[in-house]
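A.B. asks: below: sequence and its predicted model.
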Amino acid sequence: MTDLPKFPAITRDIALEVPSDMENAEVANFFNKQNDVLLVGFKMFDLFADPTGEKLPVDRKSVAYTLTYRSNDRTLKSEEVDKAHAKVLAALPKLGDVKQR
């Protein structure tokens, strides 16, 4: 059994437009490869596809994630999380044909 974290987490949401055939595992792998020690977790909370093509091209889907940032030794400042989150956003082109929504 693990203890509850001593310091609070801060979350940031991100919505991405990705190819409809992109697997969640590919996005998860991208988040896992981020080298920021403050990024401690992520979870997909929304998936949207539009088979009519009216709101989103048929060959695309929108996926949204909550990213969790935490330090084991202090309470984070919002500016620290903003900086860490900006690094994740800047790395998005490595994921491929992805657009931030």
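C.D. replies: Thanks, I have it. Numbering: from 1, shown residues only.

A.B. asks: restricting to C-alpha, output the longest helix belonging to the chain in CSV.
C.D. replies: If you go by DSSP state H, the chain has its longest helix at helix 78-91. Taking Å, rounded to 0.1, in the frame of the first residue of the first chain, the C-alpha atoms of helix 78-91 are listed here in CSV:
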residue,chain,number,x,y,z
SER,A,78,1.8,27.7,-11.1
GLU,A,79,4.7,29.2,-13.1
GLU,A,80,6.7,26.0,-12.7
VAL,A,81,3.8,23.9,-14.0
ASP,A,82,3.2,26.3,-16.8
LYS,A,83,6.8,26.0,-17.9
ALA,A,84,6.7,22.2,-17.7
HIS,A,85,3.4,22.1,-19.6
ALA,A,86,4.8,24.4,-22.3
LYS,A,87,7.7,21.9,-22.8
VAL,A,88,5.1,19.1,-23.4
LEU,A,89,3.2,21.3,-25.9
ALA,A,90,6.4,22.2,-27.7
ALA,A,91,7.3,18.5,-28.1
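
A.B. asks: okay, buried residues for that helix please.
C.D. replies: Using 16 or more other C-beta atoms under 10 Å as the test for burial, helix 78-91 gives V81, A84, H85, V88. C-beta: built from backbone N, CA, C; applies to glycine.

A.B. asks: I'd say the third one and L67 touch.
C.D. replies: Yes. With contacts defined as C-beta atoms under 8 Å, H85 counts as touching L67 at a distance of 6.7 Å.

A.B. asks: name the residues contacting each of the two.
C.D. replies: Residues touching both H85 and L67 (C-beta atoms under 8 Å, 6 or more residues apart in numbering): R12, I14.

A.B. asks: all helices of this protein, in order?
C.D. replies: 24-32, 78-91.

A.B. asks: now the ones you listed as CSV including distance to P51?
C.D. replies: Below are these laid out as CSV (distance: least, C-beta to C-beta, whole Å):
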stretch, distance to P51
helix 24-32, 19
helix 78-91, 29
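
A.B. asks: adding distance to D3 and mean pLDDT, write the ones you listed out as a markdown table.
C.D. replies: Shown next, in a markdown table, are the helices of the chain (distance: least, C-beta to C-beta, whole Å; pLDDT from 0 to 100):
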| stretch | distance to D3 | mean pLDDT |
| --- | --- | --- |
| helix 24-32 | 23 | 94 |
| helix 78-91 | 23 | 95 |
